[in-house]
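**Student:** structure for the following, please:
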Amino acid sequence: MIEKHQEWMDSLTPFLKEAWKEAAYESLTVVQEQAIPFVLNGEDVLAEAPTGSGKTLAYLIPLIQKVDPNQKRSQVLIMASSHELVMQIHHEVQKWTKGSGIVSTALIGGANIKRQIEKLKKKPQIIVGTPGRVHELMNKKKVKAHEIQSLVMDEADQLLVPEHIQTVKSILNSTMKECQTLLFSATLPDEVLELGHEFMSEDAEVIRVEEEIKKPQVIHSYIVCEDRDKKEMLRKLAHMEDFKGLAFMQDIAKLNVFAEKLTYQHLDLGLLHSDANKEQRAKAIREFRNGEYRLLLATDVAARGLDIKDITYIVNLDMPKELTSYIHRSGRTARIGAKEGTVVSLVNPVEEKRLKKHARELGFPLEKKTVYKGRLKNV
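**Tutor:** Here you go, the predicted structure:
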């Protein structure tokens, strides 16, 4: 393993070696170890690995390694479904291309398109964007699809949904036949795999990593309470000494009511949902990341790709019907390089049954808890 790692380090370009050193990673994660050789080799890859297992770098490092900074044209296109995930991936691109001469840009809907066109005039080698805006700029001939050598779909199962599928297919059909296609996600259901194979080579490599060996432990727990008591229970959790948490709810209107009531009780918090504009969402994440408040209330828009290393608690204010939603929410805590994390689901009796069903299907133990004297205790 040590020899393998040394071989890997020796193969990196100097600027990537420097970035690796700065990141202070000790070794590759399982998905990185499995995916990188295929990505470097130019092969199509479908990869499923748990949230927080290092998927972004599994495709980013080998693609950056292959980019030619002397070629002033778009070589890599990375697509993601949300503004937050695009900006986060772009931040990683900037971090790992520092001192390389590689230019990158982010293209998201809702942002000033003229400014984006100006940035495209600088001929970025790497583009990260949401499908709608990328497609729009392709139609305006500002993004040249035929130049792209590698195309990535991050959180692919969110891109291959009815809302995005036609746009994504149109982008894929515009690229050259030999363009490398990579699909990465925490969940790749059979229907997504089938769709993926439609526009990938027949011998595309399928990688499934069931568990990241070095990933910190996640404790799955629950507190039984009626819906009317959930706000007060969240307030108690947020006042715990070690709490830095993301609390999820599917309904935006209910989430806003929770936020108003908790703010009225002098609890500092942030709010993140799809009705907020780009600036509001970016500000909420920035302030939460910087520790200006310890609670971020969010809809599932934040369950995808949000990478804040020191989140200690995920609170489910409602129980997601979909198993994948529970997986993605839970994946926001215990990221690689962090300590263990705790998922606390506030459940009414009906939701308790659903949670126990999820636990059986995913094979994790559940702990029944209560908040006592400012601490989470077993019942």
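**Student:** so where do the helices sit in the stretch 51-200 of the chain?
**Tutor:** Using DSSP state H, counting those that start in this stretch, the helices found in the stretch 51-200 of the chain span residues 55-66, 83-96, 113-120, 131-139, 156-159, 162-174, 190-198.
**Student:** try the stretch 201-350 of the chain
**Tutor:** Taking DSSP H, counting those that start in this stretch as the criterion, the stretch 201-350 of the chain contains helices spanning 230-238, 252-264, 278-289, 323-330, 349-362.
**Student:** okay if I get those as TSV plus mean pLDDT, mean neighbour count and distance to L107?
**Tutor:** Glycine gets a C-beta too; all of them are placed from N, C-alpha and C. Converted to TSV, these look like this (pLDDT from 0 to 100; neighbours: other Cβ atoms under 10 Å; distance: least, Cβ to Cβ, whole Å):
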stretch	mean pLDDT	mean neighbour count	distance to L107
helix 230-238	94	19	36
helix 252-264	91	15	26
helix 278-289	83	17	12
helix 323-330	80	21	24
helix 349-362	89	14	35
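**Student:** wait, which of the ones you listed is closest to I219?
**Tutor:** Proximity to I219, assessed across the helices of the stretch 201-350 of the chain by Cβ to Cβ, is greatest for helix 323-330 (10.3 Å).
**Student:** got the contact list for that closest one?
**Tutor:** The contact list for helix 323-330 (Cβ atoms under 8 Å, 6 or more residues apart in numbering) reads 50-51, 157, 186-187, 189, 218, 220, 246, 248, 300, 303-304, 314, 316, 319-320, 343, 358, 361-362.
**Student:** circling back: nearest to G331, of the helices of the stretch 51-200 of the chain?
**Tutor:** G331 lies closest, by Cβ to Cβ, to one member of the helices of the stretch 51-200 of the chain: helix 55-66, at 10.5 Å.
**Student:** now do the same end-to-end measure for stretch 131-146.
**Tutor:** One end of stretch 131-146 to the other measures 16 Å (Cα to Cα, to the nearest Å).
**Student:** tell me which of the helices of the stretch 201-350 of the chain sits nearest to H90.
**Tutor:** With Cβ to Cβ as the criterion, H90 lies closest to helix 278-289 of the helices of the stretch 201-350 of the chain, at 12.1 Å.
**Student:** now the helices of the stretch 201-350 of the chain in TSV, with distance to L85?
**Tutor:** Converted to TSV, those look like this (distance: least, Cβ to Cβ, whole Å):
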stretch	distance to L85
helix 230-238	26
helix 252-264	19
helix 278-289	11
helix 323-330	11
helix 349-362	23
